[in-house]
Each structure stands twice: as C-alpha cells, then as structure tokens.
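Undergrad: Based on what follows, work out the 3D shape:
(chains A and B)
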2 protein chains.
Amino acid sequence: MTGAPTPIRKGRRKRALEVATPVRTVDYRTLRNPFPRMKIFSDDEVHAIHHDALNVLETLGLKVLLPEARAIFAKAGCKVDESDEMVWIGREAVEEALKTAPASVTLRSGNPERTVLYEPGALIFMAGAGAPHATDLERGRRPGSNRDFREFTRLIQHFDVLPILGPAIEPQDVPSHLRHYAFMDAQLTLSDKIPFTYARGTPQVEEVFEMLADFHGLSQTQFEADPWTYTIINTNSPRQIDIPMAQGLIDFARAKQMSIVTPFTLMGAMAPITVAGALTLSHTEALAAIVLTQLVRPGAPVSYGTFTSNVDMKSGAPIFGTPEHMRASVGAGQLADLVGLPWRSATGSAANLGDAQAANETQFGLWGNLLAGATVIMHAAGWLEGGLTVSYEKLITDLEVIQSVAELCVPTPADTAARAVDALTEVQPGGHFFGAAHTMQRYQTEFYAPLVHDFSNYGTWADRGGEDATQRATAVWKRILSEDARPRVDPDKVDALMAYIARKTQAGGAPPVSS
Amino acid sequence: MTGAPTPIRKGRRKRALEVATPVRTVDYRTLRNPFPRMKIFSDDEVHAIHHDALNVLETLGLKVLLPEARAIFAKAGCKVDESDEMVWIGREAVEEALKTAPASVTLRSGNPERTVLYEPGALIFMAGAGAPHATDLERGRRPGSNRDFREFTRLIQHFDVLPILGPAIEPQDVPSHLRHYAFMDAQLTLSDKIPFTYARGTPQVEEVFEMLADFHGLSQTQFEADPWTYTIINTNSPRQIDIPMAQGLIDFARAKQMSIVTPFTLMGAMAPITVAGALTLSHTEALAAIVLTQLVRPGAPVSYGTFTSNVDMKSGAPIFGTPEHMRASVGAGQLADLVGLPWRSATGSAANLGDAQAANETQFGLWGNLLAGATVIMHAAGWLEGGLTVSYEKLITDLEVIQSVAELCVPTPADTAARAVDALTEVQPGGHFFGAAHTMQRYQTEFYAPLVHDFSNYGTWADRGGEDATQRATAVWKRILSEDARPRVDPDKVDALMAYIARKTQAGGAPPVSS
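TA: Numbering: from 1, shown residues only, chains lettered A, B, ... in the order given. Sure, this is the predicted structure:
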C-alpha cells in the first residue's frame, strides 16, 4: 500500500503500538446485574398494588384516543364507550397478555457482536434521551440539531457500556416530516448498535421498518423474527393513551419490534403524591399498553417500564435522584418481578449544569435502578434540567460512573495468587508493595483506568490550570469525535439507504401524526 | 421578660411560627441500614482469607514497636522477639479475643438522646476527618485552624444524620501539646454528640478521660461502663503497629473506651495490589490489634475497620470511589460478618475541588459501604484530595446525599390510603393531581426537602446568578454558623472544664508521643 495513510491504517498502527503495553480489557458489552435486590414493599403490598391496578382497569377504565385501538380492545371483549373514548379491561385479558408477552427479547443489529439480550438480569445502560437542547462548554446551550444528533450517536457508539442507541436530542433543524430519515441515516451509518425509532404515526414507522429491513437485507419474516429497533411509549398519565402512542403500540407489535411502555408518572402532578399511589397508576397504564400489544400480536416484544419520580411541590418541576425517585424505582422493580417482564427504569437530574448536584442526583437515581434490578437504565449519562438538555460533558462524567459499575460485573479473584501471601512474605513490616513481584506482574492491568477523573495532587492540578471534571470532559468528547472511528458498514447498503432517503424526501417525506 | 430579644427567645418565636406550616420531620438520629447486602466472595473465599490472615499472624508475625505491647503479647503466650520487635500471634489468641470483644457498643454523651448504638445493622455517618487543610469558597484553601475545627464541630452538630464527632481538620495553630484541650473544649461545649480523641500517647489520653469524666460527673466505674469517646487506630501497614497506636489500643482498652482499628491498606502501595491480597493484610492487622485490646481488658469495646482502596499506579496517589475501592468495601463487610464485630468503613475522593468527580467518587464509595453493611461510614461528607482537605461546601453537598439515604431508612407506606385509589377515582383521564384531596393532605410533608439542590428551571436559575451546587453551599454553611444554635450545656461544667484547661496549659500541657 502506498500514499498517505488512511484513517484505517492509522488506527491499525495505533493498535500495534498498544500491544507493547498491556492494557486492561474488560467486556462491557454484555453485562449482568451484580447487585443484590432491594425491596421496599412486602409481597402482600406488591400484590395489593397489582390488584388495585386490575380494579382500576376494570372499574375506572382508561381513555384511548385512537379508534383502531378501541376497536382492538372491543374485539377482544373489553367494554368500550365510543362517546367518551373509554376502555375497561378485565383481569383475564391482563393475565392472558402476561402469558404471551416474552420474558426475554433478543435485540439485533447488523453486527452480531452487538446483539443485546433484553431480559431480567441483564444490565443495559442508555445515554440521556429526548432533550430539546444540547449543551457543551465550547458551543453553549442551544436547540438540538442534526449535527448534535450525529455527534451523540458517534459518542454513544464509542462506549461499549452503552449498547443501545437513543434519541439523545431532538434535531430541530430537520423538518419533522423528514426527521425519521435523519435518525436512520445517523444510527445506521455512524453506529452498529440497536437503533431507536420514534412512534410518530404509521407512515414514518413503516418507512423506518422498510429502511431497516432493506439495510440489513431481511425478508419480512426475518425482520419479524426478532426486533431490530425499539420505541418508547409514554402514556399520557393519568389513564390516557393518545393517538401516536396507541398507534405505535399497534405498529410495533404487528411487526414484532419492541415497545418499551413507560408511563411518566410524576408524584403529585400526573400521579398521586404517594409512591405506592403513583406506582399503582403507572402499573395500571403499563398493563393496559401491554394488553394492547398482545391483542395485536401475541408474543410481540414489549417491555414493562416506569418513570416515576416526584415534582418540587413549590414549582411543579419534575425532579430526579430524590429519595422518592429511588423508592419508586425499587417498588417498580418489585412490580416488574410480579409480571415477569424485562423492565425499563431511568435516572436523571434537575440540575442546570454538570455540577455536584447533577452528579449526585444522577448517581443516586442510578443506584435506585441498579438495586431494583432494572433491565435497562435510561438517561444514565448526560441528562440535565430534568431532560430538557443533554450535555456532552455530563455524558462523559456520568460514563465514568457507569464504567465503574460495569467493572463490578466482573468477579473479584480470591484464589491463592490473589490473596497474595507470597507478596505478604516478600515485603517486610513497614515496607511497601510498589516493587513486589506480585505488583509488577499486575500493575498495568489490575485497576480500572479512568476516563476523566484526575488523580494528580493539588499543586500539580492547579499548575495544569485547575480544571474541574466537567471542563476536562470537553477534551474527552472532542478527542473521541476527532478520532472518527466508524463501524464497518457496507458502502453499498449506505448508498441504497441514501438513495431511499433522497427519493422519499423528494416525494414529500412522511408527516408525523400528533395527538 | 423585657429588653432586647435574646437569641433563645428569637429561636422560640421562629419555632412558634413554623407550627403554622407543617414541616416534614424524619428521625435521622438512629438509623438502621435498609439496603440488601452485597457479596463479592463466596463463603469459602472469605474463610480462605481469614485462614491466610491467621497463618500470617502465626508464621510471619508483625512488628510491634511499643515494648509494653510486646510484653502483653508475651505474657499471653505469644512468641516475641525483642531484638527485632516481632510478635507472632497464635490462632487460639484470635479466637479468644473474638469471643470477648463486644458485638454491640453503646456510645454515650451527656445528652441521652445522643446515645449511639454502635453495632452491626446500625448506620452511622461521619464527616470527613483528619485533614491538614480546610477550604471554602470565601476564605480559600488553608492549613486547618482551631477556628475551622470549631466551625466544623458546629456544622456537624447541626446535622442529626452525623451522630458522632470527628477530627475534621488538624488545628495547626494550636501547639501539639495543647491540642487535646482544644479538641475537648470544642467538642464538649459546641456539641452534645460523641467526641473523638486522638491516641497520641498516655499523657494526653489520660487527661482527656479525666476531662470527660469530670464534665459528665462520672465516677471511674461509671466512665468505664460504656465508652464516652473513641479513637481511630491506623496500623502502619504492612504488618506494623507503632508506639502511639499500640499505646492507644492499650490506654483505650484499659478505660473501656472504644478503639476503631483501621489498617490503611492501599492496594499496590502499603498492601498487595489485589483486592483479596489487600484485605488479607488488612484483616491480619485488624485481628492483631483486636487481640491486643482483649488481652489488656477482655470485653473492651473495639471496632473492626478497614480502609482499603487503591493507588493511581502512575503517581502512587491514593484514590477513592473506584471500582476497586467498592470491591474492597464489600469484601471487608464479609470479613466483618465472619468475626461478628461492628465495623468501620469509609468513602472518599481524590478530587481537588467539589466538582462532578468529587461527588461521583464520594457517592460511589458510599454505596460500596452501604451495600457492605458498614456500621459507620467515615469521610462521608466534605473530604477532598484523598483526605488532605475538608471542604465546607462539599460537607453540605455530600450531606444532601446522606440525608437522602437516611430518608430511605423510613418505610414506604403501601396501605390503602397510600395506594390512593380514591385519588385515581377523583382525577379524570389526562387530568392532574395537584389539587386532589389526597395531594392537598400531604403536599407539605410528603417529600424530602433539599438542603442545597436547586430545582428551578434554567431561565430562573440563570437569572438568579447561575450558581452551581458548591457555590450555593457557601450560603448554607454560613447560615448554619450564623444561627449559632448551641446545645444545652451546664455553664458550671463549662467553667470547670475551662479552669482545668487553663491550669493544665499553665503547667505545660501534655506533649504527644511520636512513633
């Protein structure tokens, strides 16, 4: 090979150099939750919440705005009142749905190494998602753009500990009738991880399914064998499912793609102020949505989900990482156990910048999710302002915590060599182990290497400019983006995708469906 | 009563006003650990570490620099080599000591409401301790002074969630031969919580015991019935106990005051680089110190303790809140279980300021301690720079996390009222619960009220000056200090203490004993 080095060759040379110095390698891709399970409710209390939810479904019912969804419920024998769009669901329908909903879902991407087993016991982290704003210390806080969306996709791609893509920010410079094209473009060409799809009506969703099947070269049967994308369904708490959400549940179930059902039940606002009350409502709504998916297609992949936190009763603002948020996560985990489905939880922060509050709230909420046995933990990195902004720097500082958690998924050796009596014999009282043979064999790979944490002493740190972790994080995300490491993607498939998008764009795109 | 209002009257009027608005009251004084226990080792592995430690004590031995301590070991039948100051301890001596060391210790102060039950299952938080520097945003980073010591004592006194005093910073403007007087002055007159005493030789320790017995009006028998103070004994890892530490173990055991034995075993530096190896060493040293206390006086209160974290292998700097630190905490908890003693753990941070790193490291280490079932968690608030500085602001931001944990010690109601079907019935689909009767009854007291976290939206927050949590914390600690709320202390006792200190100071004080 001659000529100037290509990025690929540069990458290879770098890897060759790294072989000389042993580097710690830990598989962060397929994690199982290593933490013990916490409980806040007795088994009787969990059953009482479940039975209250069943009673609410039967006697109070819920409002379903989409006629097609009401027709599906009616056809299955549920009582429906078309005049006020109400549906009442009997407990037999719930029991039946919980029998057919799969407890384990295999999420597939074009790269088999990126397959994600989505099931109880798995531990899947996701970056912050759904924010209207992006922020970083160089470019400031701004409405999210397609450039931000693409950059976040590349940053998420970089970290093995984030196996699933999410809609970090809303690319508001892309017209809404073309936004699903931008999503697929970024997610399929800049990443080989599981892509996310917004449920914004059948026209967009069907085009996404078409793009995915074409890109991966799948027949309809192959596409429906396992999900290749997923969506998040937020009910309109209390007790309402709007048109795009109901349509999403139907469309995804029909194509056997995964819906993650997530009532957003803020205690004191859209839900009762008590943890048990908010979970009763959340559980009610989740069950209704799960029933709909299974009525559409028994066996359709659907995830139980909750996002129950509280509001600041002075301002009404949603808050996260609070004691109440943690209680709700743990209680939700107990309800997920009861229904036997994988489940989606979330952490978060109400802070307006990446300070100690932001770190503490996000990590506190994270531990609630971890001890609750959550399958997937959303908003685990980068989320600020209760979800109104995703921060490039906070993505990095939060990933330090997530990677530290991932390290704990690896067993701690305690064999004879690890117990190190040879080293204890070698080093005399009052001595040190820096030069011990036991240390020399291990010092390059024994410990987790930090991403952004700085261990230099005060003087050295101050001399270097005294930057805080958030300031240092700027250099980290910039380095990752500058390295421009892309997954191996078939250029012909990329060309075909681009041609599809160009053709569809010219034909007017697909407008989203609103409620 | 006439004349200008005194601070006491002001306080009363304020309390009277507060009655009008219900305030959430949760007892943070007596907490039990509500979290499930994590394990990183199998039971066989825990036993293997214990047996390796017993073998090290028997065959490798440890160096004990204090002749009196060696004499005590020799008298009990341990092999002693006076020429190189080595002691070898048989497993029978360890077994005997673990039989007589109490599993539950009652720490007493002058105020019965401040009694602390120090035993497995209890959850006791302590502020950062032992730092040479103090820092705050107004006065900067500086050598710790008596003013800082007194201010930290008052800040710790303010928070019920910190039931035990600690030596936050070293008051370096007080000569070392008088420093124990300054400690007792601050701890007994500005607080009614359990005071800390440095083991810096018999002369100082005996004077402290005298001050304590006089202040509380106790006979020798009463003083020795339960501990009224405690000390921290750091072994000189590896395998060495220096003169002041050995003397402290002896002096405290003789007077039945509590020693917390804490080998400071940094993986890769003073301990083997592996978690299991560092814990084997830590366990060895802890057992040796525990044996010494029980040989001096069977039944003397002694706490198992560990402080095992890793060092940055590039710089040798101690680091905290790492995955390795968490593994070590959890493993240490399993060893503490095996010996059946209460145990001391710690969190910490290597960060140089109160940023996201500082918050994340401290909270990560905290969760390691919590899931390890630690009795006391030291350095849980304020610690920076790996213990070289205690920060006024970080004390406050960390306390937000600690109070949030304390909230979780309270059960989560799930009775019929909490499940809130009445509210679910009252609020129509798509409505909200802000005005529901269920909400109105509870909104003032349902949620934890934050100390320093700010829930305002970005615009409001920016308009108010855009302060981060650390900046906001300045106002919090300043408010607490300005309120000047002091515990009720008998002025005659204070006078007597001051007279004692004046007399002893004039007589030349008591020089510390060095190693």
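
Undergrad: Which residue, other than its chain neighbours, is closest to the residue in the stretch 301-450 of chain A that chain B sits nearest to?
TA: Residue nearest to chain B within the stretch 301-450 of chain A: A:Ala420 (2.8 Å; CB to the nearest CB). Where C-beta positions appear, they are placed from N, C-alpha and C, glycine not excepted. Closest residue to A:Ala420 apart from its sequence neighbours, by CB to CB, 6 or more residues apart in numbering or on different chains: B:Gly277 at 2.8 Å.

Undergrad: Doesn't A:Asp52 lie inside a helix?
TA: Yes: under DSSP: H, G, I helix; E, B strand; the rest coil, A:Asp52 falls within a helix.

Undergrad: Quick one: residues contacting it.
TA: By CB atoms under 8 Å, 6 or more residues apart in numbering or on different chains, the contact set of A:Asp52 is A:Thr280, A:Thr284, B:Arg419, B:Val421.

Undergrad: show me the contacts for the third one.
TA: Going by CB under 8 Å, 6+ apart, B:Arg419 touches A:Ala48, A:Ile49, A:Asp52, A:Thr274, A:Ala276, A:Gly277, A:Thr280.

Undergrad: ditto for the last one
TA: By CB under 8 Å, 6+ apart, the contact set of B:Val421 is A:Asp52, A:Asn55, A:Val56, A:Thr280.

Undergrad: Keep only those of the residues you listed that are in helices.
TA: Among those, the members found in helices (DSSP state H) are A:Asp52, A:Asn55, A:Thr280.

Undergrad: still on that earlier bit, farthest-separated two in the contacts of B:Arg419?
TA: The most widely separated members of those, counting by CB to CB, are A:Ala48 and A:Thr274 (13.2 Å).

Undergrad: Of the two, give the one with the bigger neighbour count.
TA: Ranked by neighbour count (other CB atoms under 10 Å in any protein chain shown), A:Ala48 and A:Thr274 place A:Thr274 first, with 27 against 19.

Undergrad: Look up how far chain B lies from the more buried one.
TA: Taking CB to the nearest CB, to the nearest Å as the measure, A:Thr274 and chain B are separated by 4 Å.

Undergrad: now A:Ile40
TA: Taking CB to the nearest CB, one finds A:Ile40 at 4 Å from chain B.

Undergrad: Excluding sequence neighbours, find me the nearest residue to that residue.
TA: B:Thr412 (4.4 Å).

Undergrad: hmm, back to that, which one of the contacts of A:Asp52 is nearest to A:Phe455?
TA: A:Thr280 (46.8 Å).

Undergrad: re the thing from before, ok, of the contacts of B:Val421, which come out buried?
TA: A:Asp52, A:Val56, A:Thr280 (16 or more other CB atoms under 10 Å in any protein chain shown).

Undergrad: out of these, who's nearest A:Ile40?
TA: A:Thr280 (14.1 Å).

Undergrad: The closest one contacts A:Leu54, correct?
TA: No: judged on CB atoms under 8 Å, A:Thr280 makes no contact with A:Leu54 at a distance of 10.3 Å.

Undergrad: what does the model give the residue nearest the centre of chain A for pLDDT?
TA: The centroid of chain A falls nearest to A:Met126 when counting by CA atoms, centre = their mean (3.1 Å). We have a pLDDT of 98 for A:Met126.

Undergrad: now A:Ser315
TA: 89.

Undergrad: and if you look at A:Leu371?
TA: The model's pLDDT for A:Leu371 equals 98.

Undergrad: quick one: contacts for it?
TA: A:Leu371 neighbours (CB under 8 Å, 6+ apart): A:Phe35, A:Pro36, A:Arg37, A:Met38, A:Ser329, A:Val330, A:Gly333, B:Phe35, B:Pro36.

Undergrad: Kindly report the residues of the stretch 101-250 of chain A close to chain B.
TA: Counting by CB under 8 Å from any CB of the partner chain, the stretch 101-250 of chain A comes close to chain B at A:Arg141, A:Asn236, A:Pro238, A:Arg239, A:Gln240.

Undergrad: right, and the fourth one touches A:Thr59 too?
TA: No: at 11.8 Å, A:Arg239 does not count as touching A:Thr59 under the criterion of CB under 8 Å.

Undergrad: Mind checking which of those two has more residues around it?
TA: Each of A:Arg239 and A:Thr59 has its neighbours counted (other CB under 10 Å); A:Arg239 has more, 27 against 10.

Undergrad: Find the least confident helix or strand in chain A, judged by mean pLDDT.
TA: Of all helical and strand segments in chain A, the minimum by mean pLDDT, DSSP states H and E falls on helix A:7-20, at a mean of 45.

Undergrad: Residue of the stretch 51-200 of chain A nearest chain B, please.
TA: When scored by CB to the nearest CB, the stretch 51-200 of chain A has A:Lys63 as its residue closest to chain B, at 3.7 Å.

Undergrad: Help me confirm that that residue comes into contact with B:Gly430.
TA: Yes: the criterion here is CB under 8 Å, and A:Lys63 meets it with B:Gly430 at 6.5 Å.

Undergrad: Need the overlap of contacts for the two.
TA: What both A:Lys63 and B:Gly430 touch, as defined by CB under 8 Å, 6+ apart, is the set A:Arg239, A:Gln240.

Undergrad: which one of the two has more residues nearby?
TA: A:Lys63 (19 against 15).

Undergrad: So which of the contacts of A:Leu371 are in helices?
TA: A:Ser329, A:Val330, A:Gly333.
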